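Undergrad: Sequence first, then the predicted structure, then my questions.
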Amino acid sequence: MCGITGYIGKNNNAIKVVMDGLESLEYRGYDSAGIAFIENKNLNIIKEKGKIANLKENINFDIQSNLAIGHTRWATHGEPNKVNSHPHSSGKFTIVHNGIIENYLELKEELLNNGYEFQSSTDTEVAVAYINYLYEKDNNILSVLNKVNDIFRGSYAFGIICLDDLDNLYALRKTSPLIIAKGDNENYIASDVPAILKYTNKYILLDDFEIAKIDEDNITVYDKNLKEINKEVLEFEGSLESSMKGGYDHFMLKEIHEEPTVFKNTIDTYLDTDFKNIPDLSKYNKIHIVGCGSAYHAGLIGKYLIEKLANIPVLVDIASEYRYNKVFYDEKTLVILISQSGETADTLAVLRKVKEDNIDTLSIVNVVGSSIARESKYVMYTKAGCEIAVATTKAYLAQLTTLIILTMYLTNNKELIDEINNMPTLLEEMINIDYKNIALSIYENKDIFFIGRSIDYALCMEGSLKLKEISYINSSAYQAGELKHGTISLVEKDTPVISISTNESLLEKTISNTKEVKSRGAKVIFVTNNDIDGDFYDYKILVPKVSELLQPILTIVPLQILAYEVAKLNGCDIDKPRNLAKSVTVE
Ligand code: F6R
């Protein structure tokens, strides 16, 4: 999703720092980019559609600047083109913006009636014009930005330059994340930590409605009453190194290879000889799990495990549905929010709605200090480290691991410790299998189906999402018994069907359903932990058999790598699939 970087200082060239920052945010997904910088007190703005490389070609890096803001845009209002891309200017102000101003049409109307004109279709151009409009009446930047907090509805993180005060860079946020990073005689703003890691690892998290006034030496943060407040300076533990590709062709592959370590790190955080760092959950008799995309799929696995083994009813829903649905909960309900980024707008909105109703929340989040983590009653961090590839793999695996630990905790089951210790080795084995032949046999197909029952169906959904999002092949997941109620009409000669069966008690049923597609010409890839042979499949992927609780951890790996190999054969931009963003901070 959109990315923001900004710099003020004398040690570096602002243009270079901001462009470096934008490049390290490329993984978030975007469709245009732009920069505004001050050269000899004059404002310059350069914007381009497409990749940051296009923008770089138009920038003269010999120009010296001490103040700049930059942006990568993922289009929401108006198509991705040069005019709609950020920064946007009006009068004395230039801004970059993440988020959506929901009442921008109303504000635009007021501005049009007051003589303002607009070039773009964006809410951001309205936002900057409105800031300028207020400034024409008030002439005090801080008080104008404070008013904006009352007037703008929706979500925003702004980086702001005012031509009347080139000694300062301004920032404010509501809902969309923003950090202010600290250097020596230089300071930065960014929507994400990786943007500043090349220069510093010290940062402040800006909270909702806070305004930051930043010069090269000082960062001053104001609350809603424009009172100065002290903010904690945090240090990012990882390094830029650790978020680089480390010899792999793609971040996605590197991140899959990190899964054994991620599993171990997540386990070690919550379990040694006993459970640790887990909140007391004994009072809850009902659980709701909410997330989007893969996080929702992880929640489905959690439902199967918790309901079956801990005997607690679990409702799983997609955040964008749950937030508008009628939900039934009470003081004994725990709402679990799952999110890699901790910033997904719909999941965050659910959290806030649930909190308003005084319902307890537990978030399972990867990014430390993210909004969802900070605002939840309890948080369990997944220890996946920085995930760069847009398609999640290791963070999803860490979510599964956390849900497994929760199930063990809820059932007070510590018997699996030996088996758990062996899991990283088994994960390595699954990662090192060569899936290229299977990928070669399916990568030219237009439609691919995944079928499975019970918990395997939840894995099918994740396998199918992984495949379609990075390879652009149409793919659907079905409960194995459901196919013959309609969808089987789409199965023809050589249609790939990936059939998953890891549950002994349902093996025969799933095999019967697999035979139904095989007899209609399907090319079957059978993923199982059962060493059964037969003529109902073309390829078999044998997954080591482990306890029911741990099985999904191993079964997901071939699905992730198969998606990767198929996308690679199709020449796709694996780490940055079209139209997608790493952190979806709009509704
Ligand atoms: C798919 C994927 C997305 C995310 C979803 C939620 O590979 O990455 O479906 O799972 O956008 O994001 P988070 O987990 O950051 O809330």
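TA: Great, that's in hand. What you see is a predicted model; the values in this text were computed from it and never measured. Numbering: from 1, shown residues only.
Undergrad: Roughly how far does residue 10 sit from the ligand?
TA: 37 Å (CB to the nearest ligand atom, to the nearest Å). Placement of C-beta: from N, CA and C, glycine included.
Undergrad: wait, that residue sits on residue 65?
TA: No. The pair residue 10 and residue 65 fails to qualify as a contact (CB atoms under 8 Å) at a distance of 10.7 Å.
Undergrad: Give me the more crowded residue out of the two.
TA: Comparing residue 10 with residue 65 by other CB atoms under 10 Å, the one with more neighbours is residue 65, at 21 against 12.
Undergrad: Quick one: residues contacting the residue of the chain found nearest the ligand.
TA: The chain approaches the ligand most closely through residue 293 (1.8 Å), counting by CB to the nearest ligand atom. Residue 293 is in contact with 392, 465, counting by CB atoms under 8 Å, 6 or more residues apart in numbering.
Undergrad: mind checking how far it is from residue 60?
TA: Separation of residue 293 from residue 60 (CB to CB, to the nearest Å): 41 Å.
Undergrad: need the residues of the stretch 401-550 of the chain near the ligand, please.
TA: Within the stretch 401-550 of the chain, the positions lying close to the ligand (CB under 6 Å from any ligand atom) are 465, 469.
Undergrad: Determine the longest helix present in the chain.
TA: helix 551-569 (DSSP state H).
Undergrad: Would you mind listing the buried residues in that one?
TA: Within helix 551-569, the residues scored as buried using 16 or more other CB atoms under 10 Å are 551-568.
Undergrad: per-residue pLDDT, residue 45?
TA: Looking at residue 45, its pLDDT is 96.
Undergrad: That one is in contact with residue 94, isn't it?
TA: Yes. Residue 45 lies in contact with residue 94 (CB under 8 Å); the separation is 6.9 Å.
Undergrad: Identify the contacts common to those two.
TA: Common neighbours of residue 45 and residue 94 (criterion: CB under 8 Å, 6+ apart): 36, 87.
Undergrad: higher neighbour count, those two?
TA: The neighbour comparison of residue 45 against residue 94 (other CB under 10 Å) goes to residue 94, with 25 against 15.
Undergrad: Would you list the phi and psi of the more buried one?
TA: Note on residue 94: its backbone torsions stand at phi -130, psi 130 [degrees, to the nearest 10].
Undergrad: who does the longest helix of the chain touch, helix- and strand-wise?
TA: Contacts defined by 3 or more CB pairs under 8 Å, 6 or more residues apart in numbering; DSSP states H and E place helix 551-569 against helix 251-257, helix 394-410, helix 417-432, helix 436-442, helix 455-471, strand 496-501, strand 523-528.
Undergrad: cutoff 7 Å now
TA: Packing partners of helix 551-569 (3 or more CB pairs under 7 Å, 6 or more residues apart in numbering; DSSP states H and E): helix 251-257, helix 394-410, helix 417-432, helix 436-442, helix 455-471.
Undergrad: Skip ahead from the first one and say which helix or strand is next.
TA: Read that as helix 251-257. Going down the chain from helix 251-257, the next helix or strand is helix 259-270, by DSSP states H and E.
Undergrad: Tell me what angle that following helix forms with helix 394-410.
TA: On the basis of axes from the mean of the first three to the mean of the last three CA atoms, to 10 degrees, helix 259-270 is oriented at 40 degrees to helix 394-410.
Undergrad: how about helix 259-270: buried residues?
TA: 259-260, 262-267, 269-270.
Undergrad: do the same with stretch 278-296
TA: Buried residues in stretch 278-296, counted by 16+ other CB under 10 Å: 278, 281, 284, 287-296.
Undergrad: which strands and helices sit next to the lowest-mean-pLDDT helix or strand in the chain?
TA: Of all helical and strand segments in the chain, the minimum by mean pLDDT, DSSP states H and E falls on strand 234-235, at a mean of 88. Where contact means 3+ CB pairs under 7 Å, 6+ apart, strand 234-235 is packed against strand 202-205.
Undergrad: Neighbouring strands of the strand it packs on in the sheet, and parallel or not?
TA: Here strand 202-205 has these sheet partners by DSSP bridges: strand 179-182 (antiparallel), strand 234-235 (antiparallel).
Undergrad: so what's the closest residue to residue 216 other than its chain neighbours scoring on pLDDT?
TA: What sits nearest to residue 216 in space, not counting adjacent residues and going by CB to CB, 6 or more residues apart in numbering, is residue 9, at 4.4 Å. Residue 9 carries a pLDDT value of 97.
Undergrad: Just give me the neighbour total for residue 9.
TA: 22.
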